[in-house]
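> Below is the structure, and that's it, no one-letter string:
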Ligand SMILES: Cc1cc2nc3c(=O)[nH]c(=O)nc-3n(C[C@H](O)[C@H](O)[C@H](O)COP(=O)(O)O)c2cc1C
């Protein structure tokens, strides 16, 4: 059974990347807002896309300040994420209000938020209007991560060191375990192509899939 998902909700099906707290600075003023619409765009130069609605104060801060930082929070900042996304820097100073401790970034003027698991500093490279949001293209100029959180990839060992993910509404999540996939050797791929069949993960994975299939059929029969 598959249920229909409204096209306006389809975006939540691909939600799951870490949420970021976007910090900005312009003329000595600082602001912070959570953002879920953030994605890598290019290896070289290293570019990141961030979609911001023009109604956000952050939109003007990035446009005029020409830089932004992505602070990646863990679960300790869960309630802060929701709160910082419920009020606008146009009305009040969110840093003063929440007393979030900050520290200096390496390459840009925006502040970094203490207690996050990783940080990316970006200079503004370009911006495009995409639907009702502006896609800001940031060029990464510095990045740092907590040792117990990230080494080449997210480690996902300790819940407190995992990045927070946003599901939509006021729901967030942590990823479970890091799974290591078997990397196919070039000659295996060639042999698969020749045979016209590929069994990723080898016979073990194939047996596992067949077992699952048998169990599904059994359950379907039991339900009838
Ligand atoms: C978890 C979460 C994710 C959000 N993601 C985005 C986003 O990607 N882009 C955006 O424009 N607004 C997003 N928002 C809404 C802004 O964070 C919110 O409107 C915020 O109050 C704007 O603050 P500002 O006016 O100080 O910039 C998000 C809100 C929450 C709670």
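Done, it's in. Computed from a predicted model, the values in this text were never measured in an experiment.

> rest of the way, CA atoms for contacts and neighbours
Fine.

> How about the residues of this protein by the ligand?
Applying Cα under 6 Å from any ligand atom, one finds that the chain approaches the ligand through 32-37, 51-53, 56-58, 81-82, 84-90, 166.

> Domains of this protein: list them as residue ranges, please.
7-173, 186-223 (automatic domain parsing).

> about what we covered before: put the buried members of the residues of the chain next to the ligand into a PyMOL selection.
A single PyMOL command selects the buried members of those (16 or more other Cα atoms under 10 Å):
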select buried, resi 32+33+34+35+36+37+51+52+57+58+81+82+84+85+88+89+166
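
> Just the ones of the residues of the chain next to the ligand in strands?
32, 33, 34, 35, 51, 52, 166 (DSSP state E).

> Against which helices or strands is the helix or strand of the chain with the lowest mean pLDDT packed?
Within the chain, no helix or strand scores below helix 202-223, which has a mean of 82 by mean pLDDT, DSSP states H and E. The helices and strands touching helix 202-223, judged by 3 or more Cα pairs under 8 Å, 6 or more residues apart in numbering; DSSP states H and E, number zero.

> Contacts for it next, please.
199, 200 (Cα atoms under 8 Å, 6 or more residues apart in numbering).

> Strands of the protein, start to end?
Using DSSP E, strands in the chain cover 20-26, 29-35, 38-42, 47-52, 67-72, 102-104, 111-113, 118-130, 133-145, 150-151, 153-154, 165-168, 171-173.

> ranking these by burial, who's on top?
strand 67-72 (a mean of 29; mean count of other Cα atoms under 10 Å).

> so where's this structure shaky on pLDDT?
Applying pLDDT under 70 to the chain flags residues 15-16.

> quick revisit: export the domains of the chain to JSON lines and append columns for distance to residue 1.
As requested, the domains of the chain are exported to JSON lines (distance: least, Cα to Cα, whole Å):
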{"stretch": "domain 7-173", "distance to residue 1": "17"}
{"stretch": "domain 186-223", "distance to residue 1": "11"}
